[in-house]
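In: below: sequence and its predicted model.
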Amino acid sequence: MQRNSVNGLNLWHFENLSSISSIKHLVSDRNTAPGKEFTLSYSSSPDRELVRSNREQIAIALGITPEKLVMPSQVHKTRIVNVTSSTTKDELMETDALITSEPGICIAVMSADCVPILLYDKKNHVCGAVHSGWKGTVARILEKTLREMQKQFGTKGRDVVAGIGPSVSQQSYEVGEEVVNAVRESFSNTSELLVTLPANKAKLNLWNANKMQLEEFGVPASQIEISDLCTVINNQYFFSARKGDAGRFAAGILLERI
């Protein structure tokens, strides 16, 4: 990924998605003006006007109006919504993945250690945004989102370009027995996912777990970009719940008209 300045905002971009002219995308940075944190979650700050202003700045950077920036109310489950201009806020409750085929709408998910994943089907001009923490990962929300894109729009793995965004790395992610057991139940090969530790603990690789789901769907490895940016290690750029941050950054994707 590369960190760029757009309309005065510090934003991150995947190299693979940046090479595609028919979409726009971004991952937000926690830094704006000195002393101010660029959080995009209303639940993370008592200052609703600040969050509203931050979201408006994101929309401006994308060249859209604020109401075209769509973010769900996330709950670590596997509900997926196909977003259109008529989608209401109520329809976005308890939702952790969005897909759309409608140009001009930025679908985005928020994160602070969980994995944000952006998807683009270059044949059918469809995109997706997925929020996948450990619960979503073992529940295979990414696979389910790809299946929903296939069902709704005919998406095939060979046409998907994917970006796995900044999130907690294996180096920084020690989990307990509950998570270890859930990973082993969900994935047949865990040698690339778990580094075992004493007392039934392990270090979990969420990046590889989501990459596996993409490859199992048929997405070529050459079309998958992993940011390699750990939110714990790179806490100066990204919010991290493990570091005690309340704020949330966003990863979003927008279809241009073609």
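Out: The structure has been received and is ready for your questions.
In: my read is that Val130 contacts Glu143, right?
Out: No. When contacts are counted by Cβ atoms under 8 Å, Val130 is not listed as touching Glu143 (9.9 Å). Heads up, the C-betas are built off the backbone N, CA and C, glycines and all.
In: how about the helices in the protein?
Out: 15-18, 48-62, 134-138, 141-153, 177-186, 206-216 (DSSP state H).
In: quick one, which of these is nearest to Cys106?
Out: helix 48-62 (5.4 Å; Cβ to Cβ).
In: for the closest one, packing partners?
Out: strand 9-13, strand 23-28, strand 69-70, strand 106-111, strand 249-255 (3 or more Cβ pairs under 8 Å, 6 or more residues apart in numbering; DSSP states H and E).
In: and the longest one, how far out from the chain middle?
Out: Right, the one you point to is strand 249-255. Taking the mean of its C-alpha atoms, strand 249-255 sits 8 Å from the chain's own mean (Cα atoms, centre = their mean, to the nearest Å).
In: adjacent strands (with direction) for that strand?
Out: strand 23-28 (antiparallel), strand 106-111 (antiparallel) (DSSP bridges).
In: again with the third one
Out: Strands that pair with strand 69-70, judged by DSSP bridges, come out as strand 106-111 (parallel).
In: circling back: export the helices of the chain as JSON lines, with columns for mean neighbour count and distance to Ala246.
Out: JSON lines is the format used below for the helices of the chain (neighbours: other Cβ atoms under 10 Å; distance: least, Cβ to Cβ, whole Å):
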{"stretch": "helix 15-18", "mean neighbour count": "16", "distance to Ala246": "28"}
{"stretch": "helix 48-62", "mean neighbour count": "17", "distance to Ala246": "12"}
{"stretch": "helix 134-138", "mean neighbour count": "22", "distance to Ala246": "20"}
{"stretch": "helix 141-153", "mean neighbour count": "20", "distance to Ala246": "24"}
{"stretch": "helix 177-186", "mean neighbour count": "15", "distance to Ala246": "23"}
{"stretch": "helix 206-216", "mean neighbour count": "21", "distance to Ala246": "21"}
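In: show me the contacts for the nearest residue to Ala112 once chain neighbours are set aside.
Out: Nearest residue to Ala112, sequence neighbours excluded (Cβ to Cβ, 6 or more residues apart in numbering): Phe239, at 4.0 Å. Contacts for Phe239 (Cβ atoms under 8 Å, 6 or more residues apart in numbering) come out as Arg30, Glu37, Thr39, Ser111, Ala112, Thr231, Asp245, Ala246, Gly247, Arg248, Phe249.
In: lowest-confidence member of those, which is it?
Out: In terms of pLDDT, the lowest of the contacts of Phe239 is Glu37, showing 87.
In: how many neighbours does that residue have?
Out: Glu37 is flanked by 17 other residues according to other Cβ atoms under 10 Å.
In: same thing with Met1?
Out: Here the count is done by other Cβ under 10 Å, and Met1 has 19 residues near it.
In: same check, this time on the one 5 residues further on
Out: Val6 sits with 15 neighbouring residues when counted by other Cβ under 10 Å.
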